Every structure is written in structure tokens, then in C-alpha cells.
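Engineer: turn this into a model:
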Amino acid sequence: MRMNALMLPFWKATEVGDPGILPEDLRELIDAGWRTGPAGALLLAGCYGDGSGWRDDWQAGDIAQHELDVNDVGIPCDDLPQEREAFLRGAVARSRAFADAALRAARSLPASDTLVAIVSVGVDDDFLTHGATVKFATERGGFPETFAELDRFRFEAMAVLDVHGDDARGADAPEDRGRS
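Structural biologist: Model prediction:
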């Protein structure tokens, strides 16, 4: 697991929650599970469906980009308090619980050892509009180098969790610990 300096205080203020406390639409995505798509891509079944809305001529060198396109989940935050600190803590906690539950659900899939969740929570003045997203991709063909240096993100609290990461084991890791 790795995160930028903007994420660290919110991460430390939260714990991995029970996925049962997630909004119903996020629980449904987790319950729908994962599927292997074109070129061996790992895809949330609830985002990909039967695949009819997506091209299927994916090349191995582009797998990660296709996964990021399909597995792009907006985290519902409308019910969170609108006060800045409470909203951001709630958005991080919800994103973290969703990412952890989805990663745990993918553990038995081929290539799941390369699967990561990219958590992004807007922290600038527009935090209520920006909200939170979690994207999933495998760190293989076409994985963006943008996520190698998370401190370049100045308006988003960012974390990258892997399927074998500390949250999946239930422990917190310091920012500088690097990938598990």
C-alpha cells in the first residue's frame, strides 16, 4: 500500500470497516463479483455486465487502461456530513471499506496478485462536488506511471492498495512503507 501526504491523516483517522455498512449499490457491486474479460482483464461484473457495451479486441499492452475504464466506481457521498473534515473522513472510510472488500473478493482470480485499488478523494475547496472514486486495475500492460508518485496529486488524497495489502490483513501501514 502507498499513499500521498494528503491521504495520510484521513487514513490514520479511519479503520477498515465492515462492508455491510456500505451503501447498497456498492454492496451489490461486491456481491456481483469479478470476471475475467478480454485479454485476461479483471473486471467488476457489475460494471462490465455481459460485455456487450465494451469492445473486446483488447491487446495485452492495454489491459490496465481498459480495466481502469471499466472498473471506475464513484463512491456515493451524498449522505455524509457536509462539514469538510467529517465529509473527508467519511469519504475515505467508505472508499477504503469498498476497496478492501472488492480486493478480498478478487483473491482467487488469475492475475489477482497484480490487482490494485486506486482510491481518490478530492480535498480542495470543491471537495463536495469532487467526492470519491475507487478504480481497479492490474499492474501490468499499460498501467499508468502516474500512480507511481502519488504526491504529484495536489488536490486529491490518493492511496493505492493491493490485494495482499495491509488493509486486507487488518493492519495499518505507514506512508513510507511501500508496497506489500
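
Engineer: make it CA atoms for all contacts and neighbour counts henceforth
Structural biologist: Will do.

Engineer: low pLDDT regions in this structure?
Structural biologist: Applying pLDDT under 70 to the chain flags residues 17-20, 165-180.

Engineer: for it, what's the longest helix?
Structural biologist: helix 84-105 (DSSP state H).

Engineer: direction included, what does the helix or strand immediately after it in the chain pair up with?
Structural biologist: Next in sequence after helix 84-105, counting helices and strands by DSSP states H and E, comes strand 115-122. Each strand paired with strand 115-122, and its direction, by DSSP bridges: strand 132-138 (antiparallel), strand 156-162 (antiparallel).

Engineer: apart from its neighbours in sequence, what residue is nearest K135?
Structural biologist: For K135, ignoring the flanking residues on the chain, the nearest one in space by C-alpha to C-alpha, 6 or more residues apart in numbering is D72 at 4.5 Å.

Engineer: what about the one you found, neighbour count?
Structural biologist: D72: 17 surrounding residues under other C-alpha atoms under 10 Å.

Engineer: now do it against L29, distance only.
Structural biologist: With distances taken as C-alpha to C-alpha, to the nearest Å, D72 is found 12 Å from L29.

Engineer: repeat that for F155.
Structural biologist: To L29, F155 is 27 Å away according to C-alpha to C-alpha.

Engineer: helix, strand or coil: sort out L43 for me.
Structural biologist: Of the three states, L43 takes strand according to DSSP: H, G, I helix; E, B strand; the rest coil.

Engineer: that one: what's it in contact with?
Structural biologist: Counting by C-alpha atoms under 8 Å, 6 or more residues apart in numbering, L43 touches W34, R35, T36, G37, E67, V70, N71.

Engineer: likewise A99?
Structural biologist: Residues in contact with A99 (C-alpha under 8 Å, 6+ apart) are A117, V119, V134, L161.

Engineer: go ahead and name everything in contact with stretch 51-71.
Structural biologist: Residues contacting stretch 51-71 (C-alpha under 8 Å, 6+ apart): 38-44, 47-48, 135-144.

Engineer: now do the buried residues in that stretch.
Structural biologist: Using 16 or more other C-alpha atoms under 10 Å as the test for burial, stretch 51-71 gives W58, I63, A64, Q65, H66, E67, L68, D69, V70, N71.

Engineer: what's the nearest residue to G90 if we skip its chain neighbours?
Structural biologist: G90 sits nearest to L80 (C-alpha to C-alpha, 6+ apart), 6.5 Å away.
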